[in-house]
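J.: Okay, here's the prediction I keep looking at, along with the sequence it came from:
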Amino acid sequence: MTSLPFSRRSFLKGSAALAGASAFAGPAFADSHSPLTVGFIYVGPKDDFGYNQAHAEGAAAVKAMEGVIVVEEENVAETVDVQNSMESMINFDGASLIFPTSFGYFDPHILELAPRYPDVRFQHAAGLWQEGVHPANVGSYFGYIGLGQYLNGIVAGHMSATKKLGFVAAKPIPQVLQNINSYLLGARSVDPSITCQVIFTGEWSLAVKEAEATNALADAGCDVITCHVDGPKVVMETAAGRDCFVCGYHADQSPLAPEKYLTGAEWNWPGVYTRMVQTVLDGGTIDNFDRGGLAEGYIKMSPLGPAVTDAARNQFEAVKAEMMAGGFAAYQGPLMDNAGNQILGEGEAFVETDIALESMDYLVDGVIGSTS
Amino acid sequence: MESDLGLWAIPIAMLGGAIRVSTPFLFVSLGEVLTERSGRINLGLEGTLVFGAMSGYAVAFLTGNAWAGVGAAAICGALFGLLHGLICSLPRVNDIAVGIALMLLGMGLAFFFGKPFIQPVAPDLPSISFGWWSDLPQVRAALQVNVLFLIGIVAAVALWWMFRATKVGLVIRVVGDSTDAARAMGLSPPLIRTLATAAGGAFAGVGGAYLSLFYPGSWNEGISSGQGLMAVALVIFARWNPIYCFWAAILFGAAGALGPALQSVGVSTGYYLFYAAPYVLTLGVLIATSSPTRAMTGAPGELSITK
């Protein structure tokens, strides 16, 4: 796109975006080959203790690589705004690799721009890309974080005295339902009598409603609470304030509740992003369809908190080792959903890579709640 | 924690929700009553609320004292109100347009200055436990009453008394009902309106401090989710009466707790509908209390929407 290694404008914008941190790394590389400009776009603030912070930590790791300039923009709505952000990154900053990290950026926004900028690679964080349907310069990547929630559930199952777990969920989309179900199945692997109460707030980020939902769970007797919302800060602080244990999600929230934090399912984007960027730097092409779990370094677990018992720690470590070996199946038959329909028969199972998990539209038996 | 209350959990949760969630609504609507009674509308209180939440959290974190945060939020709120009042004192300025501009300004400034304060944890405001008589943890949790809620009740009664029985209240009402009559009495309507708007802004700022310093108790950019705008609308619902503002805020808080409470006792289908409860309730009460003969009862005569 840009024949010059540096347009004056891109240099000014690039160095402004870097805010002085290695702004002059660029010209040094311009002699040999022009640096790769990588764009990151977040739907919320990049220090939200949650989804966006996890991605921003990945971007920070890319920023530290040689020969790479990173441009970032936060609070970009899932509207035409994201198209404007991507176009300005491409045209003004010279970005040739863009990570729009929110689910709703894909259709129609990325699909609109990708055919117009065939030299730019759009990497979208969700499993939506389909061979033959979507442009070749678009890719999907996502991690099996449901397994992290399964490990959360194991620790929660050991630590719960009331045998009732709580889950504050945003919207009943497959990824969220999979997390809820995995959390309960993890706990049930410890004690099959455990139940999990779920409360949907209906939105990704609604601080007061998340706090109310957490209080309602505590009132209902739930004593280990986790969540799937964009920023888990409010849920963690409110639950710890009600003397409940908490399991984290997206990022490490242990500083918010040091005594009550058990463990957490975290994204490990630094490893994933540096690997992808390195592929491009080496002249290769990133796979259009890239996924992984614990073993592939897509996700990781927060260090176990001070309250975790030895029994919980042992089972947690044992199952984690099984997952590291690959092919772990959290969903094993016979399995019913909470409306009485059979999901899996005797002897059947979904292993972590099973595509059926990505269209989940049910809550398993033992989850108290409804998807609509 | 083993006690299972069954359906009793719902009224207890609604009581708790009313006490926890209502305070920002109460403060913003009291501030707006004060402003509107003087004849101006300040739609910018959503921005003031968000800026109050940010400045309160920031100052509480920097000084380690939550009450210093509340004070800072009140001062910032008063400055926003003062700005609104001064701009609207210029000839031919529309107070609604200025309010919307200040709402966007307040949120933008709060997001800009609030960046470094999303991560740190600031001290919380204290609460008083009124549930000591009960063995039920749910009741005890519901009756953890924050001091600002109590101050809000006192402020509502004080404002009601002020409008009814004091000279200051009478002056504000005269200015709000008739600019000509106020001028004839030798009062300066722009000055009084500006002061009333500044005081109203201070109330909204304190409401914001409650959000960030007590419930939900942290600063982030989505903390308000439109509560300031709803509170401004509550003023019409409350017929410009501070005591009614209190009941309206309580009603809104309780109705908002209904959705999560119903899901927690197992009534989980149709939660989007339950989340609409506060709005359905508002519409219902407005329809029930409306009358074809006395529209906008209690509305100050000089408000730009009633003129």
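T.: Yep, that arrived.
J.: Isn't residue A:121 up against residue A:135?
T.: No: here residue A:121 does not reach residue A:135: they are 10.3 Å apart, not a contact under C-beta atoms under 8 Å. Backbone N, C-alpha and C define where each C-beta goes, glycine included.
J.: Looking at those two, which one has more neighbours?
T.: Comparing residue A:121 with residue A:135 by other C-beta atoms under 10 Å in any protein chain shown, the one with more neighbours is residue A:121, at 22 against 17.
J.: Could you say which helix or strand holds the residue of the stretch 1-150 of chain B at minimum distance from chain A?
T.: Per C-beta to the nearest C-beta, residue B:138 is where the stretch 1-150 of chain B lies closest to chain A, at 4.5 Å. Under the criterion of DSSP states H and E, residue B:138 resides in helix B:137-142.
J.: which other residues reach whichever helix or strand comes after that helix?
T.: As assigned by DSSP H and E, the chain's next helix or strand after helix B:137-142 is strand B:144-146. Strand B:144-146 has contacts (C-beta atoms under 8 Å, 6 or more residues apart in numbering or on different chains) with B:19-20, B:23, B:125-131, B:210, B:214-215.
J.: check contacts around residue 163.
T.: No chain in the question, so chain A it is. Contacts of residue A:163 by C-beta under 8 Å, 6+ apart are A:191, A:193-195.
J.: Please refer instead to chain B.
T.: B:37, B:169, B:172-173, B:242.
J.: Tell me the predicted confidence for it.
T.: For residue B:163, the pLDDT comes out at 95.
J.: Distance from the one helix or strand it maps to to the middle of the chain?
T.: Residue B:163 belongs to helix B:147-165 when assigned by DSSP H and E. Taking the mean of its C-alpha atoms, helix B:147-165 sits 13 Å from the chain's own mean (C-alpha atoms, centre = their mean, to the nearest Å).
J.: And the next helix or strand past it?
T.: Going down the chain from helix B:147-165, the next helix or strand is helix B:167-177, by DSSP H and E.
J.: Give me the contacts around stretch A:336-345.
T.: Contacts of stretch A:336-345 (C-beta under 8 Å, 6+ apart): A:331-335, A:350, A:362-369.
J.: scratch that, stretch B:165-174 is what I was asking about
T.: Contact partners of stretch B:165-174, identified using C-beta under 8 Å, 6+ apart, comprise B:34, B:37-38, B:161-163, B:181-182, B:185, B:187, B:192, B:196, B:300.
J.: Apply 6 Å and report the result again.
T.: For stretch B:165-174, contacts defined as C-beta atoms under 6 Å, 6 or more residues apart in numbering or on different chains pick out B:37-38, B:162-163, B:181-182, B:196.
J.: for stretch B:255-272, same thing?
T.: A:199-200, A:202, A:212-213, A:216, A:220, A:368-370, B:9-10, B:13-14, B:17, B:21, B:274-275, B:277-278, B:281.
J.: what does the stretch 151-300 of chain A have sitting close to chain B?
T.: Listed as neighbours of chain B in the stretch 151-300 of chain A under the rule C-beta under 6 Å from any C-beta of the partner chain: A:162, A:199-200, A:202, A:205-208, A:211-213, A:216, A:219-221, A:233-234.
J.: Keep only those of these that are in helices.
T.: The helices in this structure, assigned by DSSP state H, contain A:207-208, A:211-213, A:216, A:219, A:233-234 from those.
J.: For those residues, which two are the farthest from each other?
T.: A:219 and A:233 (20.9 Å; C-beta to C-beta).
J.: With chain A as the reference, measure out to the residue lying closest to residue B:277 once chain neighbours are set aside.
T.: Beyond its immediate neighbours in the sequence, the residue positioned closest to residue B:277 (C-beta to C-beta, 6 or more residues apart in numbering or on different chains) is residue B:255, lying 4.5 Å away. Distance from residue B:255 to chain A, counting by C-beta to the nearest C-beta, to the nearest Å: 11 Å.
J.: Point me to the residue of the stretch 101-250 of chain B nearest chain A.
T.: Taking C-beta to the nearest C-beta, the stretch 101-250 of chain B has residue B:216 as its residue nearest chain A, at 3.9 Å.
J.: That residue reaches residue A:234, doesn't it?
T.: Yes: contact criterion C-beta atoms under 6 Å: residue B:216 and residue A:234 qualify, at 4.4 Å.
J.: pLDDT score for residue A:94?
T.: 93.
J.: Give the rounded mean pLDDT of the lengthiest helix in chain B.
T.: Secondary structure assigned by DSSP H gives helix B:9-37 as the longest helix of chain B. For helix B:9-37, mean pLDDT rounds to 92.
J.: Tell me which other helices or strands it touches.
T.: Counting contacts by 3 or more C-beta pairs under 6 Å, 6 or more residues apart in numbering or on different chains; DSSP states H and E, helix B:9-37 is packed against helix A:207-219, helix B:137-142, helix B:147-165, helix B:189-213, helix B:227-237, helix B:242-264.
J.: okay, those helices in JSON lines with distance to residue B:55 next?
T.: Listed next are those as JSON lines, based on distance: least, C-beta to C-beta, whole Å:
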{"stretch": "helix A:207-219", "distance to residue B:55": "17"}
{"stretch": "helix B:137-142", "distance to residue B:55": "29"}
{"stretch": "helix B:147-165", "distance to residue B:55": "16"}
{"stretch": "helix B:189-213", "distance to residue B:55": "7"}
{"stretch": "helix B:227-237", "distance to residue B:55": "15"}
{"stretch": "helix B:242-264", "distance to residue B:55": "22"}
